[in-house]
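[1] dropping the sequence and predicted coords here.
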Amino acid sequence: MEIKKLLFFLFIFFNQYVLASYDDSLFGGIEIGSKGIKISVLDVDNIKKGDYEVKSFWTENVGIARGIAIDGKLAQEDIQKAAETVYSNYLRIKNEFKVADQNIFIVGSSGVAMASNTKDLVDAVKKLTNKELDFIDAQAEGKMLLKGCIPPMNYLNSTVLDIGGGNTKGGYVDTFNNDNFVFFPISFDYGSITLTETVKKKTKNESIGEYNEKLFGITPMLREQVKAMYNSKPQAMEKEKVYMSGGAVWAFYTLYNGSEAKDNFNEFTLEDVINYDAMIKNNYAKFEELAKKNKEAEKVLKTYSQKHLISGAALILVSLENIPNINDKKLFFAKQGQIAWLVSYIADRSKKVKKIW
């Protein structure tokens, strides 16, 4: 009997110690994106007042969307690798940052959600973490991007566009009043990874010359898709400012300027993108030399191949060239766009766990 009592008190002590070791103001999020897995830890006090802090953010270069452009499915080996990476970072969030299990959310991006076998990924993540994997559609993702990428004072006169690995999405606000706004989403089904795989299927060798030739051949199709996207929501073309995010835009801004973006919102021009497009096709060695001296540029080249970068530049160009009077508009690279929708998602879900409103 004494042993049972001792075990009971040890059990109570252990649980109290474990619970006390977690900080209930911390929330963790893991996003499975087309080109990589993004992890963030958020310290929440009062989100309604904007009182939260990004404690940490990091990425794992694990691509999962390459199979979508081939047969519409996620490759099984990619699913397994992604699930294992999610699990290791899930443990890191719990053990290193002391985030309670119920405060950790795992999500899949809209680009990954395009696959026909997402259930295999859901099951693999569930098996390792015992947590549900939610997917965010392009409309919800675009709205979250807007909330994280555009200063509220600019909501009404701005469009946001995110060029991801699997797709391109964004949108704009029509009416805005205090915390309430009406969001109109826009999207089309190409990102830097899916476009690269589509072009590669048309090539017979690995040369950059042939890749550029085949990409040039399908560019009119891209322009038609982008044109249809804007025609479905014409007001997107009328906004004074365009905020852009996503890996393709991060790569462009970093390589073209030779350094990491210093501000949250960094202005650029269409001419900058045109120049970058020519350089990435014809003078790639310049960026390889830059990467030897600049860690952020090195990170870009470790994340994306030259073909991925060429595809990303093409998507930036067609997204901007279809907007009338584009040279009269203000264009910005939103540096925090890489975590904007994930932070917004965590902030939204956290209020269901903790009464902060």
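    Right, received. Where do you want to start?
[2] so how many other residues sit close to Gly164?
    Residue neighbour count, defined by other CB atoms under 10 Å, stands at 30 for Gly164. (C-beta placed from N, C-alpha, C; glycine too.)
[3] touching, Glu240 and Leu156? I think so.
    No - between Glu240 and Leu156 there is no contact, the gap being 9.5 Å when judged by CB atoms under 8 Å.
[4] between those two, point out the one with more neighbours.
    For the pair Glu240 and Leu156, the greater number of neighbours falls to Leu156 (15 against 12), based on other CB under 10 Å.
[5] that one belongs to a helix, doesn't it?
    Yes - looking at Leu156 with DSSP: H, G, I helix; E, B strand; the rest coil, it is inside a helix.
[6] how close does it sit to Asn325?
    In this structure, Leu156 and Asn325 are 18 Å apart, going by CB to CB, to the nearest Å.
[7] how about low-confidence regions in the stretch 151-300 of the chain?
    Judged against pLDDT under 70, the low-scoring parts of the stretch 151-300 of the chain cover residues 176-180.
[8] can you pull out the strands in it?
    According to DSSP state E, counting those that start in this stretch, the stretch 151-300 of the chain carries its strands in the segments 158-163, 168-177, 180-188, 241-245, 265-268.
[9] what would these look like in a markdown table with distance to Thr85?
    As requested, the strands of the stretch 151-300 of the chain are exported to a markdown table (distance: least, CB to CB, whole Å):
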| stretch | distance to Thr85 |
| --- | --- |
| strand 158-163 | 22 |
| strand 168-177 | 24 |
| strand 180-188 | 26 |
| strand 241-245 | 23 |
| strand 265-268 | 30 |
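[10] so which of those gets nearest Tyr22?
    strand 241-245 (31.8 Å; CB to CB).
[11] give me the contacts around the closest one.
    145, 149-150, 154, 157-163, 265, 316, 319-320, 323, 329-334, 337-338, 340 (CB atoms under 8 Å, 6 or more residues apart in numbering).
[12] same thing with stretch 300-317?
    Surrounding stretch 300-317, the residues in contact under the criterion CB under 8 Å, 6+ apart are 35-36, 61, 163, 168, 190-193, 195-196, 199-200, 208, 211-212, 215, 219, 222, 244, 247-252, 254-255, 270, 273-274, 276-277, 280-281, 284, 287-288, 291.
[13] still on that earlier bit, just the buried members of the contacts of strand 241-245?
    Restricting the contacts of strand 241-245 to buried positions leaves 145, 149-150, 154, 158-163, 265, 316, 319-320, 323, 329-334, 337-338, 340, with burial counted as 16 or more other CB atoms under 10 Å.
[14] which SSE is immediately downstream of whatever helix or strand Leu317 lives in?
    Under DSSP states H and E, the secondary-structure element containing Leu317 is helix 306-321. Next in sequence after helix 306-321, counting helices and strands by DSSP H and E, comes strand 330-334.
[15] and the angle for that following strand with strand 158-163?
    Interaxial angle of strand 330-334 relative to strand 158-163 (axes from the mean of the first three to the mean of the last three CA atoms, to 10 degrees): 50 degrees.
[16] and strand 330-334, what does it pack against?
    In terms of contacts (3 or more CB pairs under 8 Å, 6 or more residues apart in numbering; DSSP states H and E), strand 330-334 is packed against strand 241-245, helix 247-257, strand 265-268.
[17] same thing but 10 Å
    Helices and strands touching strand 330-334, as assessed by 3 or more CB pairs under 10 Å, 6 or more residues apart in numbering; DSSP states H and E, comprise helix 138-149, strand 158-163, strand 241-245, helix 247-257, strand 265-268, helix 270-282.
[18] what's the most buried one of the strands of the stretch 151-300 of the chain?
    strand 158-163 (a mean of 28; mean count of other CB atoms under 10 Å).
[19] now do it: distance to the chain's middle.
    Counting by CA atoms, centre = their mean, to the nearest Å, strand 158-163 is centred 12 Å from the centre of its parent chain.
[20] partners of it in the sheet?
    Applying DSSP bridges, strand 158-163 is found paired with strand 168-177 (antiparallel), strand 241-245 (parallel).
[21] got the angle for it vs helix 247-257?
    Going by the same axes, to 10 degrees, strand 158-163 makes 90 degrees with helix 247-257.
[22] point out where the stretch 1-150 of the chain drops to low pLDDT.
    In the predicted model, the stretch 1-150 of the chain carries pLDDT under 70 at residues 1-21, 45-52.
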